[in-house]
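# got a predicted model here, sequence first, then my questions.
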Amino acid sequence: MLGLEGPCWVGPGPDGGLTVSEEFGNVWLLGSAHQPWPSHLGALIGHIFGHPAGVCLDPEGNVIVADQQRHQLTLLPQVGLPICLLSEGLERLLGVACLLQGQLVVADAVDNCIKVYQYLGTDGKPQ
């Protein structure tokens, strides 16, 4: 896909597509044929990202963004408004992954470590 401004991270997207973050504050969803949606995700849902770094999908197909500038993990549900999942103890986020066991794994460059947080409860819903 051409026209991206500083693509940083790429991960699976909803419905077999891709999720791409740009260093200048946008997150794009690409369909299964890798065509872009009409606008970046922030414009579609009315959310302004600081510096989206890592992106991932949870088991329900919701997008999770590690926002380096805002020092937070943001859940972008398929329906509804963005939700700040976590902001305490995060400094320089560089990546995020969602494990099948319901955990979020976050790379934090300031602490030079990988942090693991329980994300989904035993009912499979975000805690």
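All right, it came through fine.

# okay, now the unreliable bits of the protein?
Applying pLDDT under 70 to the chain flags the ranges 1-2, 33-45, 121-127.

# which residues in it form helices?
Per DSSP state H, the chain carries helices over the ranges 41-45.

# tell me who's in contact with the most centrally placed residue in it.
Centroid-nearest residue in the chain, with C-alpha atoms, centre = their mean: Val65, separated by 2.0 Å. Counting by C-beta atoms under 8 Å, 6 or more residues apart in numbering, Val65 touches Ser21, Val27, Phe49, Pro52, Ala53, Gly54, Val55, Leu73, Thr74, Leu76, Val96. Quick note: C-beta positions are derived from backbone N, CA and C, even for glycine.

# out of the residues you listed, who's nearest Tyr119?
Proximity of those to Tyr119 (C-beta to C-beta) peaks at Leu73, which lies at 8.8 Å.

# ok, the closest one touching Leu104?
Yes: counting by C-beta atoms under 8 Å, Leu104 is a contact partner of Leu73 at 6.6 Å.

# give the residues shared as contacts by the two.
Residues touching both Leu73 and Leu104 (C-beta under 8 Å, 6+ apart) are Ile64, Leu85, Leu86, Val96.

# for Cys113, list each beta-bridge partner.
Counting by DSSP bridges, Cys113 forms beta bridges with Asp108.

# correction: the previous question concerned Asp67.
Beta-bridge pairing of Asp67 under DSSP bridges involves Pro52, Gln72.
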